[in-house]
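> Okay, here's the prediction I keep looking at, along with the sequence it came from:
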Amino acid sequence: MGKILVVGNWKMHLNASQASLLLHRLQERIPIYKDVEVVLSPSMLTLQPLSVQLDRRKFRLAAQNAYFVDEGAFTGEVSFTMLRELVHYVIVGHSERRRYFHEDLDMVKQKVAASVRNDITPILCVGETKTERDDGETKQVLHDQLLSGLSNLTPAEVGNIVVAYEPVWAISDGTNFADHFIAKPQQVAEAVDYIRRYIKDVFNDKASREVRILYGGSAVPDIVQGFLDVPGVDGFLVGGASLNYHTFSSIIQACHRWQRGGKEDADA
Ligand code: 13P
């Protein structure tokens, strides 16, 4: 595989000084890796100050959300256009946004399109709830989310985006992630295989090979190696474990070790 992609989604945690301190610690601990791309997704409030503090050789930034209209009377919103100079990525359609902020399939579709239009790579989150899995609807849910989310894109654009498979039932509340109900590699393998096959059928083979697919949901250092062995998994979208510099840097190190076939060293 190419570079492993690891995205730390800080969700609605850390004020400006806490975020700055965490970045400082991460910059101390994480060397420049050529085989792992590390992306931090802090709150909207701290994107600007962190962009100044950030060592660009080590990290890139992602916004957790944005609004799909480029400019206008939309009180409280920040557009993709406003974020273009600041971030490489935007997380779109996270299950928490779908659930708590009622983002429907059409809104997620418009956000993916706005992201691509503004030269920002969307990280499109898809995944089923526990009830949907229990009812055997996982593939149908993934189908519907991919159908709408990707519908405005060309095959070349699809090849450039990131899809994060985040089963909703495996996402922690940010405090108990270590012993949360994590997905099994086999379940992830089936979902990732479905996503790549969908993209191959609807777009083309190249798009299906080039699109990067992440796993998200209670990701901790211990699971990294096993999940990278799952065919088609290119990295992780990490929530709770990204708020602690020790666990997050351990995840990055484990990815680097996996790339080196298990060999220890800090070859940067
Ligand atoms: P956790 O890693 O805390 O389960 O969060 C996953 C997630 O929602 C990342 O976007």
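Thanks, I have it.

> how near is the closest residue in space to Phe74 that isn't next to it in sequence to Arg97?
Nearest non-adjacent residue to Phe74, counting by C-beta to C-beta, 6 or more residues apart in numbering: Tyr67, 5.9 Å away. The way it works is simple: take the backbone N, C-alpha and C, and place the C-beta from them, glycine included. Per C-beta to C-beta, to the nearest Å, Tyr67 is found 12 Å from Arg97.

> residue contacts, the residue nearest to Phe74?
74, 77-80, 111, 114 (C-beta atoms under 8 Å, 6 or more residues apart in numbering).

> Now the buried members of the residues you listed.
Applying 16 or more other C-beta atoms under 10 Å to the contacts of Tyr67, the neighbour count classes 79-80, 111, 114 as buried.

> farthest-separated two in the residues you listed?
Ser79 and Lys111 (10.4 Å; C-beta to C-beta).

> Need the residues touching each of those two.
Both Ser79 and Lys111 are in contact with 66-68, where contact means C-beta under 8 Å, 6+ apart.

> Mind jotting down where the strands sit in the protein?
4-9, 36-41, 59-63, 89-92, 121-126, 162-165, 212-216, 235-238 (DSSP state E).

> what lines up beside the third one in the sheet?
What it means is strand 59-63. strand 36-41 (parallel), strand 89-92 (parallel) (DSSP bridges).

> Just want the angle from the first one to strand 4-9.
Note on geometry: by axes from the mean of the first three to the mean of the last three C-alpha atoms, to 10 degrees, strand 36-41 and strand 4-9 are set 20 degrees apart in direction.

> How about residues contacting strand 36-41?
So strand 36-41 is in contact with 3-10, 23, 26, 30, 50, 54, 58-64, 88-89, 91, 235, 242, 252, 255-256, 259, going by C-beta under 8 Å, 6+ apart.

> if I look at Leu26, how far off is the ligand?
Distance from Leu26 to the ligand, counting by C-beta to the nearest ligand atom, to the nearest Å: 16 Å.

> one step back: just the buried ones among the contacts of Tyr67 now: which is nearest the ligand?
Proximity of the buried ones among the contacts of Tyr67 to the ligand (C-beta to the nearest ligand atom) peaks at Lys111, which lies at 15.4 Å.

> so what's that closest one up against?
Shown in contact with Lys111 (C-beta under 8 Å, 6+ apart): 66-68, 80, 90, 92-93, 103, 122.

> For Met44, which non-adjacent residue is spatially closest?
Met44 sits nearest to Val78 (C-beta to C-beta, 6+ apart), 5.8 Å away.

> Pull out the buried residues from stretch 114-121.
Using 16+ other C-beta under 10 Å as the test for burial, stretch 114-121 gives 114-116, 118, 120-121.

> What of stretch 232-251?
Neighbour-count burial for stretch 232-251 [16+ other C-beta under 10 Å]: 232-243, 245, 247-251.

> for stretch 209-229, same thing?
Buried positions in stretch 209-229, judged by neighbour count with 16+ other C-beta under 10 Å: 210-221, 223-224, 227-228.

> Now Phe80. Nearest residue, chain neighbours left out?
Asn118 (4.1 Å).

> what's the spacing between the residue in the stretch 151-268 of the chain positioned nearest to the ligand and His143?
Residue nearest to the ligand within the stretch 151-268 of the chain: Gly239 (2.1 Å; C-beta to the nearest ligand atom). According to C-beta to C-beta, Gly239 and His143 sit 25 Å apart.

> Asp222 now?
Remark: distance between Asp222 and His143 (C-beta to C-beta) = 31 Å.
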